[in-house]
Each structure stands twice: as structure tokens, then as C-alpha cells.
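Trainee: Task: produce atomic coordinates for the following.
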Amino acid sequence: MMAFHSVSWRIHCSCVDDIDLIEQAMKHLSDTKSEIIREKSKSYHGAPQVILEMKISNKKSAKLSFLKLGEDVLEEIVSNGLKSQIDDDKVLHVRLSLSAMVSGEYRLAKGPERKNAVKGRFKIESYPGQKPSEIITALLETASSE
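Mentor: Here you go, the predicted model:
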């Protein structure tokens, strides 16, 4: 059972962040050697920043990236209300704590952490008559029984 067409992970880094460390931690979100693109730009206020982005286009790899978040994070995503995290384009939005990720663990970003979070965008594979939230619920039920 597939659940996602693709996923993209994105992080906005400031000039004081250890970009190499963040990039290494980001690689663990993929089971493949997905390329991480570094884009230099300026923040809204003009400060230099680097945007790291990793796209996973393979359906199986996108699903594995989601499941790598771990049971606790996945349960919290559901308990927070799946429908409120899925937009009209059938994209599930997830924000992970950057500080936790570079420490080797995954947890959802809360409060002020949400501003500087690891942003995940999971494109849900759903067709007319299917509800995206039910597809995610079915994936989690299947994964927990394996």
C-alpha cells in the first residue's frame, strides 16, 4: 500500500547554524541517497540564509521517510488532528524540531520551535472518492501491525 507520491523536507538556516551538521541529520530522513540542495538567499529582513531542501520522489521512499519519524511522532500527528494538517492540495504538513533532529531524534516542533523547524510536505496519493486523512490512518494501522 502506497500512501504518498513524494515528500520534500526543507530547512531555513541562518549564518550561525552548523549547516553541515544539519545536512547530515537531514540525510537520515531518507532511505536513499537523496540530493540535498543548498540555496543561498536573504531572509525577509535581509540577513543571509541558506535553504536546505531534499526531495524524495519515489513513492516507497516517501512512505519510509514518513515511517522513520517513529511511532510517538506519528501518533502525535494523528492526535493533533490529521485533517487540520492536510491542505486542499492533499499535502500533509509536518514540522519537526530542528534541535531534536540534529541530536538524532524526531519530535514535532512546538511553540517557538515551530519558527525554525524542519518542514515536511508529504504529497498524499489519493483519488476521487478517497479522503486523504483516511489514507494516512490506514497506512499507520498497517505499519503498526507489521
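Trainee: Can you verify my assumption that residue 29 contacts residue 54?
Mentor: Yes: between residue 29 and residue 54 there is a contact under Cβ atoms under 8 Å: 6.9 Å. In this view, the C-beta of every residue, glycine as well, is placed from N, C-alpha and C.
Trainee: Could you tell me which residues touch both of these two?
Mentor: By Cβ atoms under 8 Å, 6 or more residues apart in numbering, residue 29 and residue 54 have these common neighbours: residue 9.
Trainee: Assign a three-state SS to the spatially most distant residue from the centre of the chain, would you?
Mentor: For the chain, the residue at maximal distance from the C-alpha centroid (Cα atoms, centre = their mean) is residue 46, at 26.4 Å. With DSSP: H, G, I helix; E, B strand; the rest coil as the basis, residue 46 sits in coil.
Trainee: dump the residue contacts of residue 116.
Mentor: Contact analysis of residue 116 by Cβ under 8 Å, 6+ apart lists 12, 98.
Trainee: so what's residue 53 scoring on pLDDT?
Mentor: Looking at residue 53, its pLDDT is 98.
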